[in-house]
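Asker: with the sequence up front, the predicted model follows.
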Amino acid sequence: MNKFLPWIQNIMRQTNGFDDLSKFLLKTGAVIGLAGFLLSSPIITWIGFIIIVLMYARTFMKDKQKFYQQNRKYHAFRNRIINYFNGQKNLVDQKQKQFNQRKTYRFYTCPNCKQKVRVPKGKGKIAITCPSCSERFVKKT
């Protein structure tokens, strides 16, 4: 036992540890494995097990540069997904705000730059100047 403990400590010192990609793989493998177990599907359970084994193999890999590069690619991919859904949320918020203002304002799109322009309702025909490109166009409010 006295020789075994320093050997384990030396191996653990050389590992890369758990980064965000490792945590994601561990959680994903556990969820897939549990789902396979609950659905009584050995194939799905094995897929979850393989994902967890790959996570540990990645943690114990010797090439630290490749380890960090994989984590960097994971962060770039995750950020693209997060930014996409944040953009969709902003679009929904903008449409909801425009819907709430529909009784007092009209919304037009500039024919030149496609900028949305908000003007008050009930003013008759007015000349609208785009705040972005200074294009003038006439619309009925």
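Answerer: Done, it's in.
Asker: any idea how far the residue nearest to Pro120 when sequence neighbours are not counted is from Phe37?
Answerer: Take Pro120 and drop its neighbours on the chain: the residue closest to it by C-beta to C-beta, 6 or more residues apart in numbering is Tyr105, 6.0 Å away. (C-beta placed from N, C-alpha, C; glycine too.) Distance, Tyr105 to Phe37, using C-beta to C-beta, to the nearest Å: 56 Å.
Asker: now swap in Phe24 and tell me
Answerer: The separation that Phe24 has from Phe37, given C-beta to C-beta, amounts to 20 Å.
Asker: ok, now Val117?
Answerer: 57 Å.
Asker: higher neighbour count, those two?
Answerer: Val117 (18 against 13; other C-beta atoms under 10 Å).
Asker: quick one: contacts for the more buried one?
Answerer: Contacts of Val117 were listed using C-beta atoms under 8 Å, 6 or more residues apart in numbering, and they are Phe107, Tyr108, Thr109, Cys110, Ile128, Cys130, Pro131.
Asker: the second one - that's part of a strand, no?
Answerer: Which is Tyr108. Yes. Under DSSP: H, G, I helix; E, B strand; the rest coil, Tyr108 falls within a strand.
Asker: quick check, pLDDT for it.
Answerer: pLDDT, Tyr108: 93.
Asker: now swap in the fifth one and tell me
Answerer: Ile128 carries a pLDDT score of 92 in this model.
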